[in-house]
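>>> sequence unknown, structure follows:
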């Protein structure tokens, strides 16, 4: 499952603000703020929408065999 740390890292790689991610994912800005601030975890479909927004820009999320988050990578553009 996508983590708040992965979300912040992906936004940093893409130079997106929380508002940018909100617009691209359709997830409310308040939900994103709470997620990245570790106040609450978004519902499944919102997490999926966030992940899809990033993946459409070449971001890949890495997880271990147990499903724990282990990193973020961005495919080179060009």
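Looks like it arrived, so ask away. What you see is a predicted model, and the numbers here were worked out from it, not measured in a lab.
>>> What count of nearby residues applies to residue 70?
Residue 70 is surrounded by 11 other residues when neighbours are defined as other CB atoms under 10 Å. C-beta here means a position set from N, CA and C on the backbone, and glycine is covered the same way.
>>> Check residue 75 too.
Around residue 75 sit 10 other residues, with neighbours defined as other CB under 10 Å.
>>> before we move on, what about residue 10?
Residue 10: 24 surrounding residues under other CB under 10 Å.
>>> Then residue 53?
So residue 53, with other CB under 10 Å, has 21 neighbours.
>>> which residues touch whichever helix or strand it is part of?
Under the criterion of DSSP states H and E, residue 53 resides in helix 44-55. Residues outside helix 44-55 that contact it (CB atoms under 8 Å, 6 or more residues apart in numbering): 1-2, 7, 10, 14, 21, 24-27, 31-32, 35, 41-42, 61.
>>> now, which of the residues you listed lie within strands?
Judged by DSSP state E, the contacts of helix 44-55 include residue 61 as members of strands.
>>> buried subset of the contacts of helix 44-55?
With burial judged by 16 or more other CB atoms under 10 Å, the buried subset of those is 2, 7, 10, 14, 21, 24-25, 27, 31-32, 35, 42, 61.
>>> hang on, the earlier thing: show me the two of the contacts of helix 44-55 that sit farthest apart.
Maximum pairwise distance among these (CB to CB): 21.6 Å, between 14 and 41.
>>> residues contacting residue 64?
Listed by CB under 8 Å, 6+ apart, the contact set of residue 64 reads residue 70.
>>> what's the closest of the contacts of helix 44-55 to residue 73?
Distance from residue 73 was checked for each of those by CB to CB. The minimum falls on residue 61, at 8.2 Å.
>>> and the closest one, how far is that from residue 30?
In this view, residue 61 and residue 30 are 23 Å apart by CB to CB, to the nearest Å.
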